[in-house]
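[1] sequence and predicted model, in that order:
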Amino acid sequence: MSVRSGIIGGMTPTVYASTASELDPITFYGLLRLREEVFVVEQDCAYHELDGRDVEPTTLHLWCADPVDGSPVATVRVLLDPLPDGETRHRIGRACVRPELRGTGLMRALLDRAVAYIADRPSVLDAQAHLAGLYSRWGYVPDGPEFVEDGIPHVPMRRDPARRPGPTRRSTAERA
């Protein structure tokens with residue numbers, strides 16, 4: 001069975017969620033290795049992938065695993081960023097899928113779970129520019145000028161459900 005048919009095969013991917021302290025070392029290593037393979041090797045970005053944020057107690061790791069060997073094949077992490085006013089906001093980042101599994105719904109499943117976890121709280125992310133449309137499906141909108149990081153154009157994006165009028169909300173005039 002190929003990884004592609006084993007994971008997708010018409011079924012919804014299983015999304016696992018855990019903090020670093022709850023992860024077994026082999027899975028944690030697999031998550032970090034996957035990110036290194038995608039961001040450092042494939043995208044040729046020589047930067048420090050290990051930034052210390054993975055082990056923060058509030059960081060949530062989400063991933064999908066190969067059904068045969070259990071190794072991570074897609075991952076996203078959700079951070080809790082402190083703000084100057086003492087508040088916090090969530091930050092989605094380090095979203096990646098093994099190249100041969102892109103377009104199979106794994107990232108959609110991960111982002112569904114991440115946004116469900118964040119719920120109605122504000123959140124941000126820095127999308128690679130060519131992926132900004134993907135994140136807009138979950139209500140993220142550009143929130144500043146495009147910038148280049150490690151030679152790759154990025155767009156800062158924000159999702160603030162409390163400020164964003166939903167499709168079922170009506171103005172006072174419409175309700176009268």
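    Noted; the coordinates are in hand.
[2] name the SS class of the spatially most central residue of the chain, please.
    Nearest to the mean C-alpha position of the chain, by CA atoms, centre = their mean, lies Val76 at 3.8 Å. Following DSSP: H, G, I helix; E, B strand; the rest coil, Val76 is assigned to strand.
[3] and the pLDDT for it?
    pLDDT recorded at Val76 is 97.
[4] now the one 4 residues further on
    As summarised for this prediction, Leu80 has a pLDDT of 96.
[5] show me what it is bridged to.
    His90 (DSSP bridges).
[6] thought it was touching Gly93?
    No: at 11.8 Å, Leu80 does not count as touching Gly93 under the criterion of CB atoms under 8 Å. Placement of C-beta: from N, CA and C, glycine included.
[7] residues contacting the closest residue in space to Val73 that isn't next to it in sequence?
    Once flanking residues are discounted, Val73 sits nearest to Arg98: 4.8 Å by CB to CB, 6 or more residues apart in numbering. Contacts for Arg98 (CB atoms under 8 Å, 6 or more residues apart in numbering) come out as Val3, Leu34, Glu37, Val38, Val73, Ala74.
[8] next: Arg77.
    Residues in contact with Arg77 (CB under 8 Å, 6+ apart) are Arg53, Asp54, Thr59, Leu60, His61, Leu62, Ile92, Gly93, Arg94.
[9] bridged to Cys64, which residues?
    When bridges are called by DSSP bridges, Cys64 pairs up with Ala74.
[10] measure it to His130 for me?
    Between Cys64 and His130 the computed distance is 22 Å (CB to CB, to the nearest Å).
[11] list of residues touching the longest helix along the chain?
    Secondary structure of the chain per DSSP state H: the longest helix is helix 106-118. The contact list for helix 106-118 (CB under 8 Å, 6+ apart) reads 7, 12-13, 15, 17, 60, 62-64, 73-76, 78, 90, 92, 95, 97, 123, 134-135, 137-139, 159.
[12] how does it look with 6 Å?
    Helix 106-118 is touched from outside by Pro13, Val15, Leu62, Cys64, Ala74, Val76, Val78, His90, Ile92, Val97, Trp138, with contacts defined as CB atoms under 6 Å, 6 or more residues apart in numbering.
[13] so which bits of it are buried?
    Buried residues in helix 106-118, counted by 16 or more other CB atoms under 10 Å: Leu106, Met107, Arg108, Ala109, Leu110, Leu111, Asp112, Arg113, Ala114, Val115, Ile118.
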